[in-house]
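Asks: coords please:
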Amino acid sequence: MNLRDLRYLLAVAEHGHFGRAAEACGVSQPTLSVQVRKLETLLGVVLFERGGKTAAPTAACDRLIGHVRAAVAEADAILAVARDLRDPLAGRFRLGIIPTLAPYLLPLVFAPLREALPALEVEPWEDQTAALLERLRAHELDAVLLATEVDGRDLLSRALFAEPFLAALPPEHPLAGRAVVAEEDLARDMLVLADGHCLRDQALAACGQSGTLGGTLRAASLATLLNMVAAGYGTTLIPGLAAGVAQDAGLVLRPLASRVGRTVRIAWRARFPRRAAIASVGEVIATRLRGFATAAAVEAPGRIV
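Replies: Numbering: from 1, shown residues only. Next up is the predicted model:
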């Protein structure tokens, strides 16, 4: 039994005619007929009732046809994967990304990625850092975009761009009148994300805190933090790419005195074979965000266009 004969079987079943099936397969009708006969002999069953102008599938064929389709589909999938491996810039590229980055970065880089790498099918997956790294190590993701260093010799990473933190304040807050805000002044009523978000730990570290802040809210998303600050519930630190959304919510943004921020990195398995895809995706993102940190260090940025 070979893959070619299985394709012949599917063609006859589809067209109901040996001649049309042979034409679709690009072979002569006698050749196709002989191979189908050989397949029937091998299987020990008759697959088609042959009439003058038709070939109707038998009950045995109906029982086997699903398995044949699955076998041919799996063989085609193997060929597709091998083709993608020959061209690392083609096919699926499963990209994990943390929640405090995904809503703001993806709209900026998807069009440049499609333009620069038209054969690459980028599939984003949003999750917290620990879950992304687990999926990466389990070969369920090809690369991840993080804001922390990676641990372990099995993973590698490359810095893509620096993203400054900004103080986000309600307009009536006393700190809103300052041109620059000192981090320690935010600590009294600063709201942070729940455990598991790297931005929570980075915000606490920026303000010199180990876990206790004035605000009691521990939000699951950055959007919740922004809405609570807009309602006058407290202050927070946001990554620079979220500046446009924060301004839309009516918040006042101010640069921080120490210019602290985070470094966005792309990480991958050390033995991942498609290094060219990693390098190309990383370069497109880095190029799109080039100059962002410099502009943000001078004043609170708006949207990148």
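Asks: Who are the contact partners of Gln29?
Replies: 18-19, 22 (CB atoms under 8 Å, 6 or more residues apart in numbering). Quick note: C-beta positions are derived from backbone N, CA and C, even for glycine.
Asks: Per-residue pLDDT of it, please?
Replies: Note on Gln29: pLDDT of 93.
Asks: Also Val229?
Replies: For Val229, pLDDT reads 88.
Asks: List the buried residues of the helix or strand encompassing it.
Replies: Per DSSP states H and E, Val229 falls inside helix 222-230. Buried positions in helix 222-230, judged by neighbour count with 16 or more other CB atoms under 10 Å: 222, 225-226, 228-230.
Asks: Please tabulate those in TSV, including the columns distance to Ala167.
Replies: Formatted as TSV, those follow (distance: CB to CB, whole Å):
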residue	distance to Ala167
Leu222	14
Leu225	12
Leu226	13
Met228	15
Val229	10
Ala230	14
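Asks: Just give me the closest of the residues you listed to Ser280.
Replies: Nearest to Ser280 among those: Leu222, at 28.7 Å, using CB to CB.
Asks: Please look at the closest one and Ile238 and confirm they touch.
Replies: Yes - if you go by CB atoms under 8 Å, Leu222 and Ile238 touch, sitting 6.8 Å apart.
Asks: shared neighbours of these two, anything?
Replies: By CB under 8 Å, 6+ apart, no residue touches both Leu222 and Ile238.
Asks: all helices of the protein, in order?
Replies: 3-15, 18-25, 29-43, 59-86, 102-116, 129-137, 183-186, 198-206, 222-230, 243-248, 275-288, 292-298 (DSSP state H).
Asks: which stretches of the stretch 51-200 of the chain aren't confidently modelled?
Replies: Low-confidence segments of the stretch 51-200 of the chain (pLDDT under 70): 194-200.
Asks: Ala162 pairs with what?
Replies: Thr263 (DSSP bridges).
Asks: Next, find the distance separating it from Ala246.
Replies: Separation of Ala162 from Ala246 (CB to CB, to the nearest Å): 19 Å.
Asks: neighbour count winner among those two?
Replies: Neighbours per residue (other CB atoms under 10 Å) separate Ala162 from Ala246, with Ala246 holding more: 25 against 17.
Asks: tally of neighbours for the nearest residue to that one once chain neighbours are set aside?
Replies: With CB to CB, 6 or more residues apart in numbering as the criterion, Ala246 has its nearest non-adjacent residue at 5.1 Å, and that residue is Ala168. The local packing of Ala168 (other CB under 10 Å) involves 30 other residues.
Asks: Distance check, Ala168 against Met228.
Replies: 10 Å.
Asks: cool, Val109 as well?
Replies: 29 Å.
Asks: What is the burial count for the closest residue in space to Leu136 that isn't next to it in sequence?
Replies: Distances taken as CB to CB, 6+ apart place Val144 nearest to Leu136, at 5.3 Å, with adjacent residues excluded. Val144 has 25 neighbouring residues, counting by other CB under 10 Å.
Asks: Hmm, Val144 is touching Val264, no?
Replies: No - counting by CB under 8 Å, Val144 stays clear of Val264, with 10.9 Å between them.
Asks: returning to what we had before: tell me which residues touch the residue nearest to Leu136, please.
Replies: Contacts of Val144 by CB under 8 Å, 6+ apart are 95-97, 132-133, 135-136, 266-268.
Asks: Distance check, it against Tyr104.
Replies: Counting by CB to CB, the gap from Val144 to Tyr104 is 16 Å.
Asks: again, but for Ala249
Replies: 14 Å.
Asks: Tell me which of those two has more neighbours.
Replies: Taking other CB under 10 Å, Ala249 and Tyr104 do not tie; Tyr104 has more neighbours (20 against 16).
Asks: returning to what we had before: adding distance to Val122 as columns, could you present the helices of the chain in TSV?
Replies: Shown next, in TSV, are those (distance: least, CB to CB, whole Å):
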stretch	distance to Val122
helix 3-15	31
helix 18-25	34
helix 29-43	41
helix 59-86	13
helix 102-116	6
helix 129-137	15
helix 183-186	36
helix 198-206	22
helix 222-230	22
helix 243-248	22
helix 275-288	7
helix 292-298	20
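Asks: and of these, who's closest to Glu172?
Replies: helix 222-230 (11.1 Å).
Asks: Report all helices and strands that the closest one contacts.
Replies: strand 155-169, strand 192-193, strand 236-239, helix 243-248 (3 or more CB pairs under 8 Å, 6 or more residues apart in numbering; DSSP states H and E).
Asks: can I get those in CSV with distance to Ala179?
Replies: As requested, those are exported to CSV (distance: least, CB to CB, whole Å):
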stretch, distance to Ala179
strand 155-169, 11
strand 192-193, 24
strand 236-239, 17
helix 243-248, 16
